[in-house]
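Student: got a sequence here, can you model it:
(one chain, ligands or ions: 1)
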Amino acid sequence: MHSKKTVKRICPIKAVLFDIDGTIMNCHRAGKIALLKAAEEVFGTAGNMENVNFQGKTDPFILYESLSSAGFNKTEIAEKTGILKEKYIARLNNIIFSHKATLMPGIKELLLMLENSDNILTGLLTGNFRESAAIKLSRFNLNRHFSFGVFGCDTANRNDMPLIAKKIIDKKYSIDLDFGDMIIIGDTVYDILCSKHAGAVSISVGTGWTHKEVLLNHKPDFYFDDLSNTDAVVDLIINN
Ligand SMILES: [Mg+2]
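Tutor: Take a look at the predicted model:
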């Protein structure tokens, strides 16, 4: 008698990549305050950083946009980015647990469900430096949920991030992931645009600072006001 063979998938087949600010949490300007003070310490000015919109931008790009207005060129900024980053990280570390922070609805539950789902890799795709991402996530003890990430220190251009994620997944897990199996969750237009650039699946979420209509105008694959309906989000990730 032949027993029915079950084919078991032995590798994760979907990668879910989360943005941090406005998607996982709101730091209520803790990052901006720390970066402003670090820039003033290193460059003597933060340029027009107070007026720069941080949303969806990488930390290196924010630095360039802020400091170029004060007359610093790309090379001058790049030369001091290392020391500025050190000071920024130290300042952020000092304030993260005393500063107000909000965890977005459903995030903790969603991360746990993804962790308990077969064949799903959970990572980060964020403009934060690797170190500042870890500090922010430590506020809610979330670092353990993410096995890899793409950060602002990997590229200043968010559109490059999905391909970098694909390469990391290939190197770390020996999986040649199709972009159609990469789900990018974020709160800004830039998260949608970088997904489209790569051919990944975008889940746009309205917990950030961008108006819902603006997000919908950029035609994300899926949109949620927030991620509190975790069953629906996980179902969509697994079955889309
Ligand atoms: Mg964001």
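Student: ok, then the element right after the longest helix along the chain?
Tutor: In the chain, taking DSSP state H as the definition, the longest helix is helix 74-95. Under the assignment DSSP states H and E, the closest C-terminal helix or strand after helix 74-95 is strand 102-103.
Student: so which elements touch the longest helix of the chain?
Tutor: For helix 74-95, the helices and strands in contact under the criterion 3 or more C-beta pairs under 8 Å, 6 or more residues apart in numbering; DSSP states H and E are helix 30-43, helix 59-68, helix 130-138. Where C-beta positions appear, they are placed from N, C-alpha and C, glycine not excepted.
Student: quick one: Ser98 from the ion, how far?
Tutor: 23 Å (C-beta to the ion, to the nearest Å).
Student: what's around that residue, how many residues?
Tutor: A count of neighbours around Ser98, defined by other C-beta atoms under 10 Å, yields 8.
Student: let me know the pLDDT of it.
Tutor: At Ser98, the model reports a pLDDT of 95.
Student: what's near enough to touch the one residue in the chain that gets nearest to the ion?
Tutor: Distance from the ion to each residue of the chain (C-beta to the ion) is smallest for Gly22, at 3.8 Å. Neighbouring residues of Gly22 by C-beta atoms under 8 Å, 6 or more residues apart in numbering: 55, 186-188, 207-210.
Student: one more pass at 10 Å, please.
Tutor: By C-beta atoms under 10 Å, 6 or more residues apart in numbering, the contact set of Gly22 is 54-56, 104, 186-188, 191, 205-210.
Student: around the ion, which positions in the chain sit nearby?
Tutor: If contact is defined as C-beta under 5 Å from the ion, the residues of the chain in contact with the ion are 19, 21-22, 187.
Student: from these, which would you call buried?
Tutor: Applying a neighbour-count criterion of 16 or more other C-beta atoms under 10 Å, the buried members of the residues of the chain next to the ion are 19, 21-22, 187.
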